[in-house]
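Trainee: just to be clear, the model below is a prediction. Sequence and coordinates:
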Amino acid sequence: MLRVAINGYGRIGRSVLRALYENGYRDHIQVVAINELSDIETMSYLTRYDTTHGRFPRSVVTRGNILVIGDDDILCFSCVRSDELDWTSLDLDMVLECSGSFSGRDGAQAYLDAGVPRILLSQPAAADVDATIVHGFNQHDIEKTHTIVSAASCTTNCLIPVLDVIKNFAGVLHGTTQTIHSAMNDQPIIDAYHTKDLRLTRAALSSIIPVDTGLAKGITRLMPELDGKMGCNAIRVPTLNVSVIDVVLRTEVDVTVEQINAQLRQAANAKYAELMGFTEEEHASVDFNHDPRSVIIDATQTQVVDGRMVKLLCWFDNEWGYANRMLDVAKHWAKLID
Ligand SMILES: NC(=O)c1ccc[n+]([C@@H]2O[C@H](COP(=O)([O-])OP(=O)(O)OC[C@H]3O[C@@H](n4cnc5c(N)ncnc54)[C@H](OP(=O)(O)O)[C@@H]3O)[C@@H](O)[C@H]2O)c1
């Protein structure tokens, strides 16, 4: 049984805990502690009730600083700095870092220095982490000696399987992506100050807002042969959850819509079964809320222009899909731990 702590109990941290109980990961992984800046009663309340994902499927109560989920006791802490907490006493195998506050090796190293043996980051992180993993594509790159691993981003998890299929079938010369991403907690409801990005000062519910994305870097890290070949943009839109990537790829050989869709359907049934979906129905984003897959291909939107320009629409639940992938990576990593 892998003993983990969750650091940062926000959208991703709570989704990870919930996916653990809903999707069978609890048989392999136990959350023994959560560190979050909020108080335990609010943490308990937001575990029980979730506007996006609905009510929690188990009983959730508190006992002092313990969050009790069913029969499981989870110790809760509220420390801003990783070295304020006595991680050693928790006898942990891994911290699932879901606060977004630590992106580089240095921040992660502070955990290791404080007694955490391994850390799995819920973001692309700096290039000098031990490995960046898109589950289903390169989880076998994790090594026994690794201590700091990134589960990449939700967009990288969505796109890499798709690129893998198209590259293997028709080659990819270059391409562009536009991520249309639901709102996140780094946006205000009405205009407010933001330290890093002027556009993120603007009311989330009132605008379509262009934001920075590290997707091109994420692709390069997983597929170095596409370095400098992909241009990626992102915009946030006023929805609660579920996002989509509009992908345009220039292939090396002529293809047809039927061939591209056949390849993606085949991948969804075989190589990427359970991680990739394929649909020919008419959908809106809300249909993919709480979908655990990394990507769902909307085959009704596939286009091929002039033989070699392929356009695809790829849905993903940016919270739930990603939380499930984090647990997949943790579960895979656990197999390497004595
Ligand atoms: N949401 C998504 O769709 C998504 C998908 C994939 C990856 N991610 C990544 O996952 C990370 C978290 O995103 P999120 O959407 O879950 O954000 P979020 O909802 O804001 O959750 C982050 C939580 O961590 C807490 N926190 C901040 N600093 C902390 C610290 N030093 N120690 C302990 N807790 C701390 C925050 O508390 P306060 O609010 O009090 O600061 C907040 O409750 C980000 O790196 C994000 O890029 C997000």
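Mentor: Thanks, I have it.
Trainee: outside of the helix or strand harbouring residue 5, which residues touch it?
Mentor: Assigned by DSSP states H and E, residue 5 falls within strand 2-7. For strand 2-7, contacts defined as CB atoms under 8 Å, 6 or more residues apart in numbering pick out 13, 16-17, 28-36, 82, 87, 90-99, 111, 116, 330-331, 334, 337. Any C-beta I mention is one placed from the backbone N, CA and C, and that applies to glycine too.
Trainee: name the residues of that strand that are buried.
Mentor: 2, 4-7 (16 or more other CB atoms under 10 Å).
Trainee: same question, stretch 178-196
Mentor: So stretch 178-196, judged by 16+ other CB under 10 Å, has buried residues 178-184, 187.
Trainee: from those residues, which is closest to the ligand?
Mentor: residue 184 (5.2 Å; CB to the nearest ligand atom).
Trainee: check contacts around the closest residue to that closest one other than its chain neighbours.
Mentor: Among residues not flanking residue 184 along the chain, residue 236 sits closest, at 6.9 Å (CB to CB, 6 or more residues apart in numbering). Contact partners of residue 236, counting by CB under 8 Å, 6+ apart, are 181-184, 187, 204, 208-209, 211.
Trainee: tell me what residue 236 is bridged to.
Mentor: On the basis of DSSP bridges, residue 236 is bridged to residue 181, residue 209.
Trainee: circling back: the strand holding residue 5 - what's its average pLDDT?
Mentor: In this model, strand 2-7 has a mean pLDDT of 97.
Trainee: any idea how far the residue of the chain found nearest the ligand is from residue 316?
Mentor: Here the chain gets closest to the ligand at one residue, residue 10, 1.7 Å apart by CB to the nearest ligand atom. Taking CB to CB, to the nearest Å as the measure, residue 10 falls 19 Å from residue 316.
Trainee: list the buried residues of the helix or strand of the chain with the lowest mean pLDDT.
Mentor: Here the helix or strand of the chain ranked lowest by mean pLDDT, DSSP states H and E is helix 105-113, holding a mean of 86. Judged by neighbour count (16+ other CB under 10 Å), helix 105-113 contains these buried residues: 105, 107-108, 111-112.
Trainee: is the ligand contacted by it?
Mentor: No. Judged by CB under 6 Å from any ligand atom, helix 105-113 makes no contact with the ligand; its nearest approach is 9.2 Å.
Trainee: now stretch 193-200: average pLDDT?
Mentor: 91.
Trainee: does the ligand sit close to that stretch?
Mentor: No. Judged by CB under 6 Å from any ligand atom, stretch 193-200 stays clear of the ligand, getting no closer than 12.3 Å.
Trainee: gap between the two ends of that stretch?
Mentor: 8 Å (CA to CA, to the nearest Å).
Trainee: beyond the strand holding residue 5, next helix or strand please.
Mentor: helix 11-22.
Trainee: surely the residue of the chain closest to the ligand is in contact with residue 99?
Mentor: Yes. Applying CB atoms under 8 Å, one finds residue 10 in contact with residue 99, separated by 7.3 Å.
Trainee: shared neighbours of these two, anything?
Mentor: residue 36.
Trainee: re the thing from before, so which of the contacts of strand 2-7 are in helices?
Mentor: Within these, residues falling in helices by DSSP state H are 13, 16-17, 111, 330-331, 334.
Trainee: buried subset of these as a ChimeraX selection?
Mentor: Of the ones in helices among the contacts of strand 2-7, the buried ones can be selected in ChimeraX as follows, counting by 16+ other CB under 10 Å:
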select :13,16,17,111,330,331,334
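Trainee: get me the contact residues on the stretch 201-338 of the chain for the ligand.
Mentor: 318-319, 322.
Trainee: could I get the contacts of residue 236 as CSV with pLDDT?
Mentor: Shown next, in CSV, are the contacts of residue 236 (pLDDT from 0 to 100):
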residue, pLDDT
181, 98
182, 98
183, 98
184, 97
187, 96
204, 97
208, 98
209, 98
211, 96
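Trainee: which ones among the buried residues of stretch 178-196 also lie next to the ligand?
Mentor: residue 184.
Trainee: from the buried residues of stretch 178-196, which two are the most distant?
Mentor: Between any two of the buried residues of stretch 178-196, the greatest separation by CB to CB is 18.4 Å, found for 178 and 187.
Trainee: could you find the closest non-adjacent residue to residue 222?
Mentor: residue 160 (5.2 Å).
Trainee: number of residues surrounding the one you found?
Mentor: Residue neighbour count, defined by other CB atoms under 10 Å, stands at 24 for residue 160.
Trainee: show me the contacts for it.
Mentor: 134, 137, 152, 219, 222-223.
Trainee: I'd say residue 294 and residue 275 touch.
Mentor: Yes. Counting by CB under 8 Å, residue 275 is a contact partner of residue 294 at 4.8 Å.
Trainee: tell me which element the closest residue to residue 49 other than its chain neighbours falls in.
Mentor: For residue 49, ignoring the flanking residues on the chain, the nearest one in space by CB to CB, 6+ apart is residue 55 at 6.2 Å. Secondary structure assignment for residue 55, by DSSP H and E: no helix or strand.
Trainee: quick one: residue 55 from residue 46, how far?
Mentor: 12 Å.
Trainee: confirm that residue 277 sits in a helix.
Mentor: No. Applying DSSP: H, G, I helix; E, B strand; the rest coil, one finds residue 277 to be strand, outside a helix.
Trainee: now it, nearest residue through space, not along the chain?
Mentor: residue 296 (3.5 Å).
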